[in-house]
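Visitor: Give the three-dimensional model of this entry:
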Amino acid sequence: MTIFEAYNDCKKQLQAAGVEDYVFEAKQIIKHVTGYTNAQILTKYTQALTQFQQDNITAIIKQRLIRYPLQYIIGRWNFFGREYFVGPGVLIPRSDTETLIDVCLESLKDKQTPRVLDLCAGSGCIGITIKGEVGESDVTLVEKYEEALNYTIKNALHNNADVRIIKGDVLETQGADGLYDLIVSNPPYITDEDMKTLQPEVKFEPATALEGGEDGLIFYRHIAKEYKKYIAPNGTLAFEVGMGEAEAVADILKQNGYQNVGVRKDYCDVDRVVFGTAI
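Guide: Model prediction:
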């Protein structure tokens, strides 16, 4: 079987299984199994796969047919140009969150040696990315759960990120020490009702990283109120929000006295980030 034949076979099986982005995933599987880049695949598409490579593809497809996340199967995923290890117990980095990074970087562009606090850090992709993009920043990541915390630590080491990592409960207002120019969070925000209708892949991700209470807003209310005293004058609080939650989260910020409250759309034109300034 050639690379091209394997790619087409992957596409057909994934599409038949109801995988939405079957073309993208088929390409990722071929890249993973061969170790080739996109450019190399284009020039070597007639190359025959080894039996080991074919068996590897078969094993991956078998897992995807039960909708086990491709990111967990591969064990690592790209986010904002960096590689992050992922697996059971940690939320998978998503391209939606790159919009949150854009907002954070804009808020820090005029800050000298800014202090940053990343709450509900999970894989660490937000805090580690900020540290990588703003080298002089002082970044602290806070994560409650041991399984996720292991990935936070592993990813910081993998990306040579000199960050501080703290095990703490955000709903107990843990992890903060002094004033920060930016507090950022992609907290659990799925409502109790929506938890019942998740995509099959998402059900394999940790519920603790998804459940935001009855209306999905528990973390937003707590962080906006209780962490405000840790934001430096003219510092920023920035959140990723779920679909349809932007207006409610913006209201929470306004009710807690934040100024210049704004909303930013992600690459799919969904209101994805809400931010405000502490005065």
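Visitor: What residues sit buried inside whichever strand or helix holds Q54?
Guide: Taking DSSP states H and E as the criterion, Q54 maps to helix 51-65. Neighbour counts over helix 51-65 (16 or more other Cβ atoms under 10 Å) mark Q53, N56, I57, I60, I61, R64 as buried. (Each C-beta comes from the backbone N, C-alpha and C, glycine too.)
Visitor: Any idea how far the very next helix or strand once past it is from the middle of the chain?
Guide: Following helix 51-65 in sequence order, the next helix or strand is helix 70-74 (DSSP H and E). In terms of Cα atoms, centre = their mean, to the nearest Å, the centre of helix 70-74 is set 14 Å apart from its chain centre.
Visitor: Which residue comes closest to G212 once chain neighbours are left out?
Guide: Leaving aside its sequence neighbours, G212 sits nearest to Y189 (Cβ to Cβ, 6 or more residues apart in numbering; 4.2 Å).
Visitor: Next, work out how far apart the one you found and E147 are.
Guide: 20 Å (Cβ to Cβ, to the nearest Å).
Visitor: out of those two, which sits in the busier spot?
Guide: Neighbour count, other Cβ atoms under 10 Å: between Y189 and E147, Y189 has more, with 26 against 15.
Visitor: pLDDT score for E20?
Guide: E20 carries a pLDDT value of 89.
Visitor: What about it, how many residues nearby?
Guide: Quick note: E20 (other Cβ under 10 Å) scores 11 neighbours.
Visitor: wait, is it part of a strand?
Guide: No. Checked against DSSP: H, G, I helix; E, B strand; the rest coil, E20 lies outside a strand; its state is coil.
Visitor: Check the gap between it and I183 for me.
Guide: Separation of E20 from I183 (Cβ to Cβ) stands at 34 Å.
Visitor: Same question for A39.
Guide: Taking Cβ to Cβ, one finds A39 at 40 Å from I183.
Visitor: try E211
Guide: 21 Å.
Visitor: still on that earlier bit, okay, A39 and I183: which has more neighbours?
Guide: Each of A39 and I183 has its neighbours counted (other Cβ under 10 Å); I183 has more, 27 against 8.
Visitor: which neighbours does the longest strand along the chain have in its sheet, and in what orientation?
Guide: Longest strand in the chain by number of residues, with DSSP state E as the criterion: strand 231-240. In the sheet, strand 231-240 lines up against strand 180-185 (parallel), strand 271-278 (antiparallel) (DSSP bridges).
Visitor: ok, and what's touching stretch 10-19?
Guide: If you take Cβ atoms under 8 Å, 6 or more residues apart in numbering as the criterion, stretch 10-19 is touched by Y22, V23, E25, A26, I29, I30, I57, I61, R64, L65, R67.
Visitor: how many neighbours does the fourth one have?
Guide: Right, the one you point to is A26. By the criterion of other Cβ under 10 Å, A26 has 24 neighbours.
Visitor: ok, and the closest non-adjacent residue to it?
Guide: C10 (3.8 Å).
Visitor: pull the CA atoms of the helix or strand of the chain with the lowest mean pLDDT into CSV?
Guide: Using mean pLDDT, DSSP states H and E, helix 38-43 stands out as the lowest-scoring helix or strand of the chain, at a mean of 93. What follows is helix 38-43, C-alpha atoms only, in CSV (Å, rounded to 0.1, in the frame of the first residue of the first chain):
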residue,chain,number,x,y,z
ASN,A,38,3.4,17.9,4.4
ALA,A,39,5.9,18.8,1.7
GLN,A,40,7.6,15.4,1.9
ILE,A,41,4.3,13.5,1.7
LEU,A,42,3.6,15.4,-1.6
THR,A,43,6.9,14.2,-3.1
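Visitor: Flag every buried residue along that helix.
Guide: Here helix 38-43 shows I41 as buried, counting by 16+ other Cβ under 10 Å.
Visitor: secondary structure element for I101?
Guide: helix 98-108.
Visitor: what inclination does that helix have with respect to strand 231-240?
Guide: Helix 98-108 and strand 231-240 are oriented at 160 degrees to each other (axes from the mean of the first three to the mean of the last three Cα atoms, to 10 degrees).
Visitor: what does helix 98-108 rub up against?
Guide: Residues contacting helix 98-108 (Cβ under 8 Å, 6+ apart): 79-80, 114, 116, 126, 129-130, 133-134, 137, 181-182, 184, 186, 236, 238-240, 264-267, 272-273, 275.
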